[in-house]
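Peer 1: 3D model of this:
(one chain, ligands or ions: 2)
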Amino acid sequence: MDPTTKPLTEAAPAKINLYLHVTGKRSDGYHLLDSLVVFAGAGDRLRYEPGQEALHLVLAGRFGAALSDAAGPDNLVMKAAAALEAACGPDAQVRGGRLVLEKDLPVASGIGGGSADAAAALRLLNRAWNAQVDHATLLRLAEKLGADVPVCLASQSARMEGIGEELSAAPVLPACGMVLVNCGQAVSTPDVFRKRDGAFLPRAPLPARWTDAASMVADLTRLDNSLEAPACVVCPPVKTVLSAIEGLPECLLSRMSGSGATCFGLFPSVQSAQAAAARLAQAEPGWWVWGGGLV
Ligand SMILES: C[C@@](CO)(OP(=O)(O)O)[C@H](O)COP(=O)(O)OP(=O)(O)OC[C@H]1O[C@@H](n2ccc(N)nc2=O)[C@H](O)[C@@H]1O
Ligand SMILES: Nc1ncnc2c1ncn2[C@@H]1O[C@H](COP(=O)(O)OP(=O)(O)O)[C@@H](O)[C@H]1O
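Peer 2: Ligands and ions are numbered 1, 2, ... in the order given. This is a model prediction of the structure:
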């Protein structure tokens, strides 16, 4: 097959906030955050098939239908493509064709599916169009697409501050497993931020590395997700999901990710997380449940 017409794909892994402290608020209404972000083996997948027709998006996967009204220019994938095209130099080979998004992450669920898709589109089309837009420029485009898009650009664990644009090294993470659970109710990020009240939380003290899951969990237990309480008001089933995760064998910690409603559990190993996820999926067939490891 001609390499320029070969399908090109990018993974768009789920983003998990292991803790999330709202540390302040800017005058424009955006909140200042301190968060440890990691990426799970669960994710969407974006494929590009170059062609003569104008660039367009096709949705597939378990949650493709949930987004079918949003396959147009407002989809974050198409916004990312337009932003990249505008930033391309004269030597780029910008082409049409179709982008196929395998949407396997629940939509509006606190694990940054849309942000991961946008970041995947920037990486994929930069490669496919031979656009050679440098990383600093890609980061600037990412910031404009959404607060979570910069961290999704590298899709590697990072400490995230500012409103999402200040990225620094995360502690070296120990081997561990993760379970992700979503009850099926979409949650609006602005609604949850609006419902937050109470004091701002401090920037967290973090070590350079955790050698085992138990010491990571001991530190994380002293930290919080500032958005968990307001999300429980917006979406009460979050509380049920958190108790269900906490009750799973070998669960070390259960917490909500981002603005919800997806919650995660940390486990000592990938195997224990997979076994716990299988058990929960059987007990709650209406929930989205995933178990595995981190990227
Ligand atoms: C809360 C977080 C934590 O990682 O994750 P999610 O719950 O979305 O996954 C993110 O900060 C969300 O990032 P993202 O979903 O890209 O947010 P954006 O589209 O930029 O903003 C949506 C809205 O959320 C609020 N917002 C977002 C980020 C931020 N630091 N402060 C805010 O107040 C604003 O009301 C904004 O209008
Ligand atoms: N490719 C996409 N995937 C998911 N949501 C998208 C996408 N493009 C636009 N959106 C819109 O972005 C909003 C946030 O979606 P998402 O990124 O899944 O939320 P969260 O960051 O809370 O996980 C949704 O309301 C959805 O309609």
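Peer 1: Just the CA coordinates for stretch 186-203, please, in CSV.
Peer 2: The C-alpha coordinates for stretch 186-203 follow below in CSV (Å, rounded to 0.1, in the frame of the first residue of the first chain):
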residue,chain,number,x,y,z
ALA,A,186,-23.1,12.6,31.7
VAL,A,187,-21.8,15.4,34.0
SER,A,188,-21.2,19.0,32.8
THR,A,189,-17.7,20.3,33.9
PRO,A,190,-18.8,23.9,34.3
ASP,A,191,-21.8,22.8,36.5
VAL,A,192,-19.5,21.0,38.9
PHE,A,193,-17.1,23.9,39.1
ARG,A,194,-20.0,26.3,39.8
LYS,A,195,-21.3,24.0,42.6
ARG,A,196,-17.9,24.0,44.4
ASP,A,197,-17.7,26.0,47.5
GLY,A,198,-15.5,26.0,50.6
ALA,A,199,-11.8,26.7,51.0
PHE,A,200,-9.2,26.3,48.4
LEU,A,201,-6.8,23.4,49.0
PRO,A,202,-3.0,23.8,49.1
ARG,A,203,-0.5,22.6,46.5
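Peer 1: Closest residue of the stretch 151-295 of the chain to ligand 1?
Peer 2: At 2.7 Å from ligand 1, residue 258 is the closest residue in the stretch 151-295 of the chain, using Cβ to the nearest ligand atom. The C-beta positions use only the backbone N, C-alpha and C, and glycine is treated the same way.
Peer 1: in what helix or strand does that residue lie?
Peer 2: In this assignment (DSSP states H and E), residue 258 forms part of neither any helix nor any strand.
Peer 1: buried sites along the longest helix along the chain?
Peer 2: Across the chain, the longest stretch assigned as helix under DSSP state H is helix 113-128. Within helix 113-128, the residues scored as buried using 16 or more other Cβ atoms under 10 Å are 113-126, 128.
Peer 1: Show me which residues of the stretch 51-200 of the chain are close to ligand 1?
Peer 2: 110, 111, 112, 115, 146, 147, 148, 163, 164, 189, 190, 193 (Cβ under 6 Å from any ligand atom).
Peer 1: Are there helices or strands packed against the longest helix of the chain, and which ones?
Peer 2: On a contact count with 3 or more Cβ pairs under 8 Å, 6 or more residues apart in numbering; DSSP states H and E, helix 113-128 meets strand 8-25, strand 31-51, helix 76-87, helix 135-145, helix 149-154.
Peer 1: Run the angle between it and helix 135-145 for me.
Peer 2: Our comparison of helix 113-128 with helix 135-145, counting by axes from the mean of the first three to the mean of the last three Cα atoms, to 10 degrees, yields an angle of 150 degrees.
Peer 1: Kindly tell me how buried the closest residue to residue 141 other than its chain neighbours is, as a neighbour count.
Peer 2: Nearest residue to residue 141, sequence neighbours excluded (Cβ to Cβ, 6 or more residues apart in numbering): residue 83, at 4.6 Å. Look at residue 83: counted by other Cβ atoms under 10 Å, it has 21 neighbours.
Peer 1: what's the spacing between residue 83 and ligand 1?
Peer 2: Applying Cβ to the nearest ligand atom, to the nearest Å, the value for residue 83 to ligand 1 is 14 Å.
Peer 1: so what's that residue up against?
Peer 2: Applying Cβ atoms under 8 Å, 6 or more residues apart in numbering, we find residue 83 in contact with 122, 141, 144, 145.
Peer 1: quick one: which two of these are the most distant?
Peer 2: Using Cβ to Cβ, the contacts of residue 83 span at most 11.1 Å, a distance reached by 122 and 144.
Peer 1: Can you give me the pLDDT of the closest residue to residue 196 other than its chain neighbours?
Peer 2: Sequence neighbours aside, residue 230 is the residue nearest to residue 196 in space, at 4.6 Å (criterion: Cβ to Cβ, 6+ apart). At residue 230, the model reports a pLDDT of 98.
Peer 1: All set now, cheers.
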